[in-house]
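next one to model:
(chains A, B, C and D)
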Protein chains: 2
Amino acid sequence: MKLDTRLSSVLHLVLHMADAGSPLTSETMAAMLGTNPVVVRRTMSGLREAGLVRSEKGHGGGWLLERSLNEITLADIHAALGHPALLAFGNRNDNPQCLVERAVNARMATAMEDVQSLVLQRLAAITLADIRSDFEDKLKDHHHAHHHS
Amino acid sequence: MKLDTRLSSVLHLVLHMADAGSPLTSETMAAMLGTNPVVVRRTMSGLREAGLVRSEKGHGGGWLLERSLNEITLADIHAALGHPALLAFGNRNDNPQCLVERAVNARMATAMEDVQSLVLQRLAAITLADIRSDFEDKLKDHHHAHHHS
DNA sequence: TTTCATGAAACAAATAAAGTTACGAGAAAG
DNA sequence: CTTTCTCGTAACTTTATTTGTTTCATGAAA
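I've put the predicted structure just below:
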């Protein structure tokens, strides 16, 4: 199964945006991911529509954060990406004749709904500020390791 | 994102196997799913290796259950299918240089592990016997509906 | 008016899952 | 003991989806 890496990508990008004082271009951000600027625009467009970021054209243009890191949760980003599927499994046939299959589907649907809401709760509990502070801890470790202090 | 429907398919098939007194052929089972017998063999092979079912060649051969329905959970079947990914999202790069991305990955990995174990708990709490009894309830409703009783 | 940037549409490539074909092997029926 | 039925497996094809790319229009700053 091919995983959707957009959430992970966007987290990475937005944290860099927060650090940069000025707008980051799609090209710069694409280099961070090792991909194409158009992919960045496509991926970020949902965040713009959700009001999490803003984009500006022309000289000195690029992408800017519209909220502070502690006001954005992973669930917000998931929603901005268009609520992509969280679970990798699902029912084969959505409206089967077979009563056995209907019973299977019903149980699966209930379990999947339960579990999806747990995943969303977990995503909602993590803010970008949390990850940013993890990063600062890492930076400290990194620094210490290189200076043997 | 394309969902993995093997769990759902196998539940359907195994419940039919439990109802049939005699072995079901891959061809019969393929017809139940609207697919090809080879797909059935491929999907069921993991269950055979896990000891949940048995297959027999030749005349009168086919697939047989090796355990009763209350001894098989959805987690057992998930394991027999080779522990396919449960979550549809993941990290873009597993060993990045960028410290920001490493912080993102670490948070994501922790959250994903937590959530995966919750999903597995949920799957382990459902047995095939549970679904079978849901089916019997449905059968009763169906019967009543058709006889207006 | 030139350069730099995004927006968006259309197209191409890569990937993974599902489906198919083909053939070998074992077991029962005749 | 030959035929028929069945699974096992490998190799191949098809299909669907995602990702990446090209291209051009639009707007803003130099």
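
and the lowest-mean-pLDDT helix or strand in chain A with chain B, contact?
Using mean pLDDT, DSSP states H and E, the weakest-scoring helix or strand in chain A turns out to be helix A:128-147, at a mean of 83. Yes. Under the criterion of Cβ under 8 Å from any Cβ of the partner chain, chain B is reached by helix A:128-147 at A:130-132, A:134-135, A:138-139, A:142. Glycine gets a C-beta too; all of them are placed from N, C-alpha and C.

ditto for stretch A:55-72
No. Using Cβ under 8 Å from any Cβ, stretch A:55-72 stays clear of chain B, with a minimum separation of 12.1 Å.

that stretch: end-to-end distance?
End-to-end span of stretch A:55-72 (Cα to Cα, to the nearest Å): 17 Å.

near DNA strand D, which residues of chain A show up?
Contact residues (Cβ under 7 Å from any atom of the strand) of chain A with DNA strand D: A:2, A:4-6, A:34-36, A:38-39, A:42, A:56-61.

out of those residues, which sit inside strands?
A:Glu56 (DSSP state E).

just the residues of chain A next to DNA strand D now: which is nearest A:Gly21?
A:Gly21 lies nearest to A:Gly60 out of the residues of chain A next to DNA strand D, by Cβ to Cβ, at 12.0 Å.

per-residue pLDDT, the closest one?
A:Gly60 carries a pLDDT score of 94 in this model.

in contact with it, which residues?
A:22-23 (Cβ atoms under 8 Å, 6 or more residues apart in numbering or on different chains).

for A:Asn93, same thing?
A:101, A:105, B:34.

wait, the first one sits on B:Val10?
No. The pair formed by A:Glu101 and B:Val10 falls short of the contact definition of Cβ atoms under 8 Å, at 11.7 Å.

so for these two, which residue has more residues nearby?
For A:Glu101 versus B:Val10, neighbours defined as other Cβ atoms under 10 Å in any protein chain shown are more numerous around B:Val10 (27 against 24).

state the pLDDT value of the closest residue to that one other than its chain neighbours.
With Cβ to Cβ, 6 or more residues apart in numbering or on different chains as the criterion, B:Val10 has its nearest non-adjacent residue at 5.5 Å, and that residue is B:Ile77. You'll see B:Ile77 listed with a pLDDT of 97.

how close does B:Ile77 sit to B:Leu69?
12 Å (Cβ to Cβ, to the nearest Å).

show me how far the lengthiest helix in chain A is from its chain's centre.
Ranked by number of residues, the top helix in chain A under DSSP state H is helix A:99-124. The chain centre lies 22 Å from the centre of helix A:99-124; the measure is Cα atoms, centre = their mean, to the nearest Å.

can you confirm whether that helix lies near chain B?
Yes. With Cβ under 8 Å from any Cβ as the criterion, chain B is reached by helix A:99-124 at A:99-108, A:111, A:114-115, A:118-119, A:122-123.

now do the buried residues in stretch A:139-149.
By neighbour count on 16 or more other Cβ atoms under 10 Å in any protein chain shown, the buried set for stretch A:139-149 is empty.

ugh, wrong one, stretch A:83-97
Result for stretch A:83-97 [16+ other Cβ under 10 Å]: buried residues A:85-93, A:96.

got the CA positions of that stretch in CSV?
Taking C-alpha atoms only, stretch A:83-97 is exported to CSV below (Å, rounded to 0.1, in the frame of the first residue of the first chain):
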residue,chain,number,x,y,z
HIS,A,83,-9.8,15.0,4.7
PRO,A,84,-7.9,12.2,3.0
ALA,A,85,-8.6,8.6,4.2
LEU,A,86,-6.9,7.9,7.5
LEU,A,87,-7.3,4.1,7.3
ALA,A,88,-5.7,1.9,4.7
PHE,A,89,-8.5,-0.7,4.6
GLY,A,90,-12.1,-0.6,3.7
ASN,A,91,-15.1,-2.6,2.4
ARG,A,92,-14.9,-4.2,-1.0
ASN,A,93,-18.4,-3.5,-2.1
ASP,A,94,-20.5,-0.6,-0.7
ASN,A,95,-23.9,-2.0,-1.5
PRO,A,96,-23.9,-5.7,-1.8
GLN,A,97,-26.9,-8.0,-2.2
